[in-house]
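Chemist: Quick one, structure for this:
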Amino acid sequence: MQYKITKITGIVIMQNQQQWCEPDLNGANRSKSSSGFGRTFYIANIMEIFERLAWYGFFAVSSIYMTTPKSQGGIGFTDIERGAVQGIIPFFLYLLPVVTGALGDRVGYKKMFFFAFLVMTPSYYLLGQAQSFWPFFAALSFVALGAACFKPVVVGTVSHSTNDGNRGLGFGIFYTMVNIGGFLGPLVAGYMRAISWDAVFMMSAVWIAINFIPLMLFYKDPQTLPKTKQSLTQVLKTAQSVLGNTRLALTLFVALALLMSAGVGFSNYSQAFTWIAIWLVANWVWDRVLINRAPTKAWWQQPMKVSNLPFALYLLILAGFWTVYNQLFYTLPVYIRDYADTRDILAWFGDSGVAFLAHVDIDKLTASIFTLFNELKESGAVSIETIRLEWVHLKVNVPHEQIQLILQTLNALHDNGQALSQLQAQALAEQLVQYRQINPEYLINLDFAAIVVAQILVSFLCQRFRPFYVLVTGLLVMTVAFIALLSDSDWLSGQLIVTVILLIALGEMLASPKSQEYVASIAPQSQAALYMGYYFVSMALGFLFAGFLSGWSYKVLVQEMAAPELMWGLFAAIAFITAIALFWFNTVIIDRKT
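Modeler: Here you go, the predicted model:
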């Protein structure tokens with residue numbers, strides 16, 4: 001998708017552009033040495049397609065899989081556990097490329113590609129084999145490690161394979177390949193999960209394994225890789241020139257670690273926030289003790305320092321955008337599954353289209369009828385809402401009235417001392433098929449489709465406006481999208497969901513590219529590459545906050561309080577507050593400085 005491309009592009013391309021124009025051994029400027037892309041460029045694009053097929057094949061259905069009961073093929077996480085996984089793992093995934101990119105420069109791109117595929121291939125498979133929280137968490141951590149190694153070197157390859165004359169076209173091609181993979185991945189995953197959940201993960205592993213073929217047979221490191229290698233220590237020291245000193249980094253890292261501990265169940269959120277407050281106050285007191293002391297080289301005796309406060313504020317504010325945007329993948333799929341009626345959209349398709357978009361396994365549905373009959377025999381009473389929420393995992397969202405009629409039928413059989421026959425159970429299951437629902441991943445996939453179709457047009461229409469105004473507009477569009485979900489109806493219609501997804505896509509197309517363009521406009525010209533690289537921090541924080549907020553709000557506000565309007569209102573408020581904060585930042589911090 002757009003945000004992933006442009007963001008990674010910012011990290012690697014902007015840094016490599018400075019290297020690209022350095023003289024070669026013959027004194028020639030390599031940026032003008034050739035006009036074609038070369039074989040390496042196309043190999044990198046092919047590998048990017050397959051990597052995106054694997055990632056989005058998993059990512060688009062991750063929320064659904066993690067919250068599907070084990071009895072139905074899922075892993076049965078609570079929403080709190082789901083939110084912790086979706087917050088912590090991507091947080092590190094989008095921070096690690098700062099280090100793995102530098103490591104790729106040192107050891108060579110081909111070795112980094114090989115390591116990335118070697119790690120990701122078995123890890124994707126093991127995701128489907130994990131049966132509890134920590135094995136799944138570990139397997140996904142290795143997927144993230146492999147992805148963090150892959151991202152900077154694939155973009156670096158494209159950068160080194162283009163020049164000043166064709167770089168725009170080259171990355172336009174690369175961007176298209178990413179979106180092709182992002183669009184097709186969920187479609188294939190949706191088809192594979194109709195076979196089994198294991199098939200989804202095996203398919204992702206196969207997509208990555210395929211990449212060994214072009215890598216080993218055709219890929220060669222770009223000839224323009226820099227001869228002088230920056231050490232990892234130098235990379236971390238460079239980060240401090242933008243973000244802050246070691247004291248600040250340690251203070252923030254411990255605070256985030258305490259937050260993560262609550263997400264994975266080591267503590268609760270009340271305890272975590274209490275310890276975070278104590279930790280921050282202790283560091284503030286320590287700073288007050290140090291402030292009048294003579295300067296020292298010992299890092300722990302230096303007061304916390306923010307190297308560039310305006311830029312740090314911008315990254316923190318922008319994290320609000322990524323927090324609300326990621327609800328498209330974290331919260332909306334499970335809400336569509338649990339509380340949407342998409343039959344109005346299915347009416348647009350013929351039988352073959354309905355069978356693909358809303359496949360229902362009759363055998364599993366029949367088995368669930370037998371399970372329900374046995375529960376009635378044993379307990380005599382069941383919760384209608386519990387039954388409904390169990391059946392939505394089988395992709396039928398059955399109204400309470402229909403469930404009540406089925407319960408009456410089953411109770412009548414039981415009262416008469418009759419057993420439930422296979423034919424009777426299958427007949428009841430076939431009645432439920434009329435309530436079949438579109439796979440949530442297919443609806444979410446409209447975001448990718450919209451970007452492929454409209455991103456160039458949107459960017460063209462917005463190029464006459466200042467990046468700041470377009471960025472704020474994108475956030476306001478997202479605010480409207482979440483407000484639209486504040487429906488008085490018990491069920492969200494399919495048409496409303498499509499409208500919301502397209503609004504979120506429009507907000508992304510406005511905000512994501514302009515958020516980086518805005519960085520370029522406020523960064524010191526001599527440090528543009530450095531600033532674009534550490535723009536990554538906002539995305540990492542956004543994933544972290546998005547995961548925790550999604551898990552907490554769905555469990556507490558939706559499931560326990562039965563108040564989904566509070567959850568959607570919370571996300572709308574975050575988007576709106578982020579827009580206001582950006583307006584304040586540009587008006588008070590940036591414009592006054594200039």
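
Chemist: Tell me how far Asn45 lies from Asn445.
Modeler: 21 Å (C-beta to C-beta, to the nearest Å). Bear in mind the C-beta positions are built from the backbone N, C-alpha and C, glycine included.

Chemist: mind listing the helices for the stretch 201-350 of the chain?
Modeler: Using DSSP state H, counting those that start in this stretch, the helices of the stretch 201-350 of the chain run over residues 212-218, 232-240, 246-263, 269-290, 309-325, 327-330, 332-339, 343-346.

Chemist: What's the mean pLDDT across the helix or strand where Met66 lies?
Modeler: Counting by DSSP states H and E, the element that carries Met66 is helix 62-67. In this model, helix 62-67 has a mean pLDDT of 94.

Chemist: can you list contacts of that helix?
Modeler: 74-79, 81-82, 85-86, 136, 193, 197, 200, 329-331, 333-334, 337, 440-441 (C-beta atoms under 8 Å, 6 or more residues apart in numbering).

Chemist: ditto for stretch 121-132
Modeler: 54, 58, 70, 75, 135-136, 138-140, 142-143, 146, 197-198, 200-202, 204-205, 208-209.

Chemist: swap the cut-off to 6 Å and go again
Modeler: The contact list for stretch 121-132 (C-beta atoms under 6 Å, 6 or more residues apart in numbering) reads Phe136, Ala139, Phe142, Val143, Asp198, Phe201, Ser204, Ala205, Ile208, Ala209.

Chemist: Next one: the second one, what pLDDT does it get?
Modeler: In other words, Ala139. Confidence score, pLDDT, at Ala139: 96.

Chemist: Also the third one?
Modeler: What the model reports as pLDDT for Phe142 is 97.

Chemist: and it, what helix or strand is that in?
Modeler: Assigned by DSSP H and E, Phe142 falls in helix 133-160.

Chemist: May I see the buried residues of the next helix or strand after that helix?
Modeler: Downstream of helix 133-160, the next assigned helix or strand under DSSP H and E is helix 167-195. Using 16 or more other C-beta atoms under 10 Å as the burial criterion, the residues of helix 167-195 that qualify are 167, 170-171, 173-194.

Chemist: which residue of this protein sits farthest from its center?
Modeler: Distance from the centre of the chain peaks at Asn416, with 52.9 Å (C-alpha atoms, centre = their mean).

Chemist: and that residue, how far is that from Ile574?
Modeler: Where Ile574 is concerned, Asn416 sits at a distance of 56 Å (C-beta to C-beta).

Chemist: got the phi/psi numbers for the residue farthest from the centre of the chain?
Modeler: Main-chain torsions, Asn416, degrees, to the nearest 10: phi -90, psi 0.

Chemist: Who are the contact partners of it?
Modeler: With C-beta under 6 Å, 6+ apart, Asn416 has no contacts at all.

Chemist: quick one: pLDDT of it?
Modeler: 85.

Chemist: Tell me how far it lies from Thr409.
Modeler: From Asn416 to Thr409 the distance is 11 Å (C-beta to C-beta).

Chemist: Next: Leu372.
Modeler: 11 Å.

Chemist: Of those two, which one has the most company?
Modeler: Leu372 (21 against 17; other C-beta atoms under 10 Å).

Chemist: so who does that one touch?
Modeler: Applying C-beta under 6 Å, 6+ apart, no residues contact Leu372.

Chemist: ditto for Ala572
Modeler: Ala572 touches Thr479, Phe482, Ile483, counting by C-beta under 6 Å, 6+ apart.

Chemist: where's the last one, which helix or strand?
Modeler: When elements are defined using DSSP H and E, Ile483 is found to belong to helix 467-484.

Chemist: Only the C-alpha atoms, please, for that helix, written as PDB.
Modeler: The C-alpha coordinates for helix 467-484 follow below in PDB (Å, rounded to 0.1, in the frame of the first residue of the first chain):
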ATOM      1  CA  PRO A 467       1.300  19.600   1.700                       C
ATOM      2  CA  PHE A 468       0.100  20.700   5.200                       C
ATOM      3  CA  TYR A 469      -3.400  21.500   3.900                       C
ATOM      4  CA  VAL A 470      -3.700  18.200   2.100                       C
ATOM      5  CA  LEU A 471      -2.500  16.300   5.100                       C
ATOM      6  CA  VAL A 472      -5.000  17.900   7.400                       C
ATOM      7  CA  THR A 473      -7.800  17.300   4.900                       C
ATOM      8  CA  GLY A 474      -6.900  13.600   4.800                       C
ATOM      9  CA  LEU A 475      -7.300  13.400   8.500                       C
ATOM     10  CA  LEU A 476     -10.600  15.200   8.400                       C
ATOM     11  CA  VAL A 477     -11.800  12.700   5.700                       C
ATOM     12  CA  MET A 478     -10.900   9.900   8.100                       C
ATOM     13  CA  THR A 479     -12.800  11.600  10.900                       C
ATOM     14  CA  VAL A 480     -15.900  11.700   8.700                       C
ATOM     15  CA  ALA A 481     -15.400   8.000   7.900                       C
ATOM     16  CA  PHE A 482     -15.400   6.900  11.500                       C
ATOM     17  CA  ILE A 483     -18.400   9.300  12.300                       C
ATOM     18  CA  ALA A 484     -20.300   7.500   9.500                       C
END
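
Chemist: and that helix, what does it pack onto?
Modeler: In this structure, helix 467-484 makes packing contacts with helix 494-522, helix 564-584, judged by 3 or more C-beta pairs under 6 Å, 6 or more residues apart in numbering; DSSP states H and E.

Chemist: now what about that helix, what contacts it?
Modeler: Helix 467-484 has contacts (C-beta under 6 Å, 6+ apart) with 324, 462, 500, 503-504, 506-507, 510-511, 514-515, 517-518, 521, 568, 571-572, 575-576, 578-579, 582-583, 586.

Chemist: try 7 Å this time
Modeler: 321, 324-325, 462, 496, 499-500, 503-504, 506-507, 510-511, 514-515, 517-518, 521, 568, 571-572, 575-576, 578-579, 582-583, 586 (C-beta atoms under 7 Å, 6 or more residues apart in numbering).

Chemist: Count the neighbours of Ser538 for me.
Modeler: For Ser538, using other C-beta under 10 Å, the count is 24.

Chemist: Quick one: list the elements packing against the strand or helix carrying it.
Modeler: For Ser538, the enclosing helix or strand under DSSP H and E is helix 536-553. Counting contacts by 3 or more C-beta pairs under 7 Å, 6 or more residues apart in numbering; DSSP states H and E, helix 536-553 packs against helix 2-20, helix 79-93, helix 309-325, helix 327-330.

Chemist: tell me how far it is from the chain's mean position?
Modeler: Centroid separation between helix 536-553 and its chain, computed with C-alpha atoms, centre = their mean, to the nearest Å, is 9 Å.

Chemist: tell me the mean pLDDT over stretch 192-199?
Modeler: Computed over stretch 192-199, the average pLDDT equals 90.

Chemist: typo on my end, it should be stretch 367-375
Modeler: pLDDT averaged over stretch 367-375 gives 91.

Chemist: Go through that stretch and flag the buried ones.
Modeler: Here stretch 367-375 shows Ala367, Ser368, Ile369, Phe370, Leu372, Phe373 as buried, counting by 16+ other C-beta under 10 Å.

Chemist: And for stretch 281-290?
Modeler: Asn283, Trp286, Leu290.

Chemist: Closest one to Phe536 out of these, please.
Modeler: Ranked by distance to Phe536 (C-beta to C-beta), those are led by Asn283 at 24.7 Å.

Chemist: picking that back up, among the helices and strands packed on helix 467-484, single out whichever gets nearest to Val433.
Modeler: Using C-beta to C-beta, the nearest of these to Val433 is helix 494-522, at 16.9 Å.

Chemist: For Tyr330, grab the count of nearby residues.
Modeler: 26.

Chemist: if I pick the residue nearest to Val360 when sequence neighbours are not counted, what's in contact with it?
Modeler: Excluding its sequence neighbours, the residue lying closest to Val360 (C-beta to C-beta, 6 or more residues apart in numbering) is Arg436, at 5.0 Å. Neighbouring residues of Arg436 by C-beta under 7 Å, 6+ apart: Ala358, Val360, Lys395, Val396.
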